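> Turn this into a structure:
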Amino acid sequence: MHKLIPNILMILIPTIAAVLIIMQIEKPLVQPAMPVAAGEHSVSADHSQFEELQVDFETAQAVTTACLSCHNKRGGEIMQTSHWKWEREEYIEGKGVVKLGKKNVLNNFCIGVAGSEATCTRCHIGYGWGDKSFDFANQDNIDCLVCHDNTDTYQKEKGASGLPKASVDLNYVASNIGLPKKENCGICHFWGGGGNNVKHGDLEIALLDCSKDVDVHMCSDGPDMTCTECHITENHNITGKVYAMSSENKNRNTCEMCHTDRPHADMLLNEHNLRIACQTCHIPEYAKVNSTKMIWDWSTAGELDEDGHPMHWNDQDGNHKYLGIKGTFIWDDHVTPEYFWFNGTANHTLVSDVLDTANTPIQMNSLNGSYAAKPDSARNTQISKIWPVKVHRGKQIYDSKNLTLIQPKLWDKEKGQGAYWVDFDWDVASAKGMKYIGQDYSGEYDFIETEMYWPLNHMVSPTEKSLSCKECHVRDNSRLASLNDFYMPGRDRLVALDATGIILILLSLIGIFVHSTLRFSLLFKKDKENS
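Numbering: from 1, shown residues only. Reported below is the predicted structural model:
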């Protein structure tokens with residue numbers, strides 16, 4: 001009997017080990033990553049002491065002139081950036097190198113800026129861009145204050161071609177400038193599309209003062225990181241760009257820049273990073289505080305009251321449910337992302353592209369990638385990974401004869417200029433807008449469904465609220481149910497594979513039973529002979 005215990009342990013130990021492995025796999029798919037410390041910001045000089053700023057500035061451009069008198073090379077740097085140009089050269093498969101940017105790319109929110117620059121350029125880092133005659137070579141048109149104001153009092157006027165409000169004390173702001181804060185970046189990036197959190201879903205004013213549950217990087221009770229601690233800036237070129245207006249995988253920001261590509265203590269979790277983006281597990285939901293716009297239907301716009309004013313009403317949360325100038329909206333919060341294979345490159349539907357109206361919704365910026373796709377060119381060097389995405393769905397105007405998207409003229413200060421938000425005539429607005437950008441308009445229009453994709457990068461959850469294995473590796477209600485071009489253990493079932501596995505398990509059990517029985521029999525026989 002003295003040999004029986006070791007043999008029993010030979011059977012029990014592997015069994016216990018297997019159970020422990022299974023229990024480990026069932027833990028949340030997040031382990032403590034490398035700590036990220038808030039960046040060290042150099043202290044800006046006290047500009048209130050500079051004589052150049054101790055004058056009464058009559059114009060915003062005069063402030064810029066004073067800034068550049070000391071920072072004499074900064075103007076040239078800024079003029080090379082996409083924040084200034086609102087476009088960049090990008091390669092699109094099948095279309096070659098094209099210029100993409102806010103200047104010319106259409107979306108399914110406010111459609112585009114062309115013809116409405118005077119109001120849209122409130123988010124431009126310049127002064128005076130009211131139409132195509134804007135002088136991009138004049139350094140005095142640069143708005144230094146919008147990024148460097150540290151007083152939180154600087155604001156741009158609506159419809160004033162990027163100029164500040166008359167109420168802004170230019171001397172006070174110019175004397176109290178410093179490195180960009182979250183507020184500086186957020187004034188444009190939080191409010192894109194006409195309101196807080198309208199576009200991105202993961203960028204909004206809540207990030208200015210939030211808890212770890214909202215975002216572990218920008219939280220006030222944690223690292224309290226600023227935007228530029230991740231979006232590293234050199235010579236005014238800021239890393240990072242959105243796929244709504246870009247197509248190539250360059251000048252990006254990645255989690256690996258701080259956390260490396262193997263941030264977990266668990267090897268199995270690190271291997272997930274080969275085909276799963278960090279954001280997929282660490283951003284299980286977005287719009288965690290305020291709602292984001294999910295659907296925008298332009299076809300319902302144009303309802304006026306008896307006095308000819310556009311009608312409007314809000315939903316129960318105070319969000320615009322209907323605006324006579326824009327149409328109908330659907331908002332949502334605490335939204336579960338949709339998931340797509342993504343290799344870091346994107347396609348774009350340009351205003352000159354002929355639409356395939358039999359294949360709707362029209363993809364405004366489809367994300368390239370699939371499970372089987374391999375890197376195939378110098379521009380596409382990244383293997384596809386699963387990414388969380390906000391999909392914004394819309395219904396917008398298009399030329400039903402030429403089968404092209406339409407850039408309508410939307411804004412003007414006065415009636416009678418053809419702007420839809422003032423005159424409410426789609427035909428005239430379409431003719432004006434397309435003529436402005438040099439594209440043909442047939443005189444026939446309709447509305448077509450579109451989709452736009454916004455990969456998520458912000459509102460990173462704490463470890464304990466990241467995804468667990470069972471949220472994906474489960475047969476029913478898997479988060480990745482829509483990605484059916486690959487086999488996922490726990491979610492998918494292949495009869496042949498399952499049968500093979502069951503047979504192997506049974507054979508293993510039979511083998512263990514036979515082996516154990518023989519061992520026990522020999523032991524008892526030997527003990528009996530020795531007794």
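> for the residue lying closest to residue 444 once chain neighbours are set aside, helix, strand, or coil?
Distances taken as CB to CB, 6 or more residues apart in numbering put residue 401 closest to residue 444, at 4.4 Å, once the chain neighbours are dropped. From N, CA and C alone the C-beta is placed, and that goes for glycine too. Here residue 401 takes the coil state, with states given by DSSP: H, G, I helix; E, B strand; the rest coil.
> who touches residue 401 in this structure?
Going by CB atoms under 8 Å, 6 or more residues apart in numbering, residue 401 touches 442, 443, 444.
> got the contact list for the first one?
If a contact means CB under 8 Å, 6+ apart, then residue 442 has 399, 400, 401, 402 as its contacts.
> I figured the first one hits residue 445, correct?
Yes: under the criterion of CB atoms under 8 Å, residue 399 is in contact with residue 445, at a separation of 6.1 Å.
> shared neighbours, these two?
Counting by CB under 8 Å, 6+ apart, the residues touching both residue 399 and residue 445 are 406, 430.
> Compare the two (neighbour count), which wins?
Set side by side, residue 399 and residue 445 give different neighbour counts by other CB atoms under 10 Å, the larger being at residue 399 (23 against 20).
> re earlier: of the contacts of residue 401, just say which sits nearest to residue 429.
Within the set of the contacts of residue 401, residue 443 lies nearest residue 429; the separation is 12.6 Å, counting by CB to CB.
> measure that closest one to residue 118 for me?
Per CB to CB, to the nearest Å, residue 443 is found 27 Å from residue 118.
> Among those two, which residue is more densely surrounded?
Just comparing residue 443 and residue 118: by other CB under 10 Å the higher neighbour count belongs to residue 118, 21 against 11.
> Quick one: residues contacting that one.
The contact partners of residue 118, taken as CB under 8 Å, 6+ apart, are 129, 130, 131, 159, 160, 161, 411, 413.
> Give me the buried subset of the residues you listed.
For those, burial is judged from neighbour counts taken by 16 or more other CB atoms under 10 Å, and it is met by 129, 130, 159, 160, 161, 411.
> Which secondary structure state is assigned to the closest residue to residue 384 other than its chain neighbours?
Counting by CB to CB, 6+ apart, residue 369 is the residue found nearest to residue 384 once chain neighbours are left out, at 3.6 Å. Put simply, residue 369 is coil when judged by three-state DSSP.
> Would you check that residue 369 makes contact with residue 380?
No: here residue 369 lies out of contact with residue 380, judged by CB under 8 Å, at a distance of 9.2 Å.
> Make a markdown table out of the contacts of residue 442 and add distance to residue 451.
Putting those into a markdown table (distance: CB to CB, whole Å) gives the following:
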| residue | distance to residue 451 |
| --- | --- |
| 399 | 19 |
| 400 | 19 |
| 401 | 23 |
| 402 | 21 |
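> so how many other residues sit close to residue 254?
Other residues within reach of residue 254 by the criterion other CB under 10 Å amount to 17.
> so what's it up against?
For residue 254, the contact set (CB under 8 Å, 6+ apart) is empty.
> Format the contacts of residue 442 as JSON lines; extra columns: distance to residue 384 and pLDDT.
Compiled in JSON lines, the contacts of residue 442 are given as follows (distance: CB to CB, whole Å; pLDDT from 0 to 100):
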{"residue": "399", "distance to residue 384": "34", "pLDDT": "98"}
{"residue": "400", "distance to residue 384": "35", "pLDDT": "98"}
{"residue": "401", "distance to residue 384": "38", "pLDDT": "98"}
{"residue": "402", "distance to residue 384": "34", "pLDDT": "98"}
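> Out of those residues, which is nearest to residue 523?
residue 400 (86.7 Å).
> Next one: that closest one from residue 300, what distance?
Separation of residue 400 from residue 300 (CB to CB): 18 Å.
> for residue 491, same thing?
Distance, residue 491 to residue 300, using CB to CB: 39 Å.
> again with residue 416
24 Å.
> So between the two, which is more surrounded?
Here residue 416 and residue 300 are set side by side on neighbour count (other CB under 10 Å), and the busier one is residue 300, at 15 against 9.
> ok, now which ones touch the more buried one?
With contacts defined as CB under 8 Å, 6+ apart, residue 300 is in contact with 322, 327, 328.
> Please repeat the previous calculation with a cut-off of 10 Å.
Residue 300 makes contacts with 322, 323, 324, 326, 327, 328, 329, 395, 447, as judged by CB atoms under 10 Å, 6 or more residues apart in numbering.
> One more: residue 58?
If you count contacts by CB under 10 Å, 6+ apart, then residue 58 has residue 170 around it.
> ok, back up a step: between residue 369 and residue 380, what contacts are shared?
The contact sets of residue 369 and residue 380 overlap at 343, 344, 345 (CB under 10 Å, 6+ apart).
> Enumerate the positions of the longest helix anywhere in the chain that are buried.
Identified as the longest helix of the chain according to DSSP state H is helix 495-530. Of the residues in helix 495-530, those buried by neighbour count under the rule 16+ other CB under 10 Å are residue 519.
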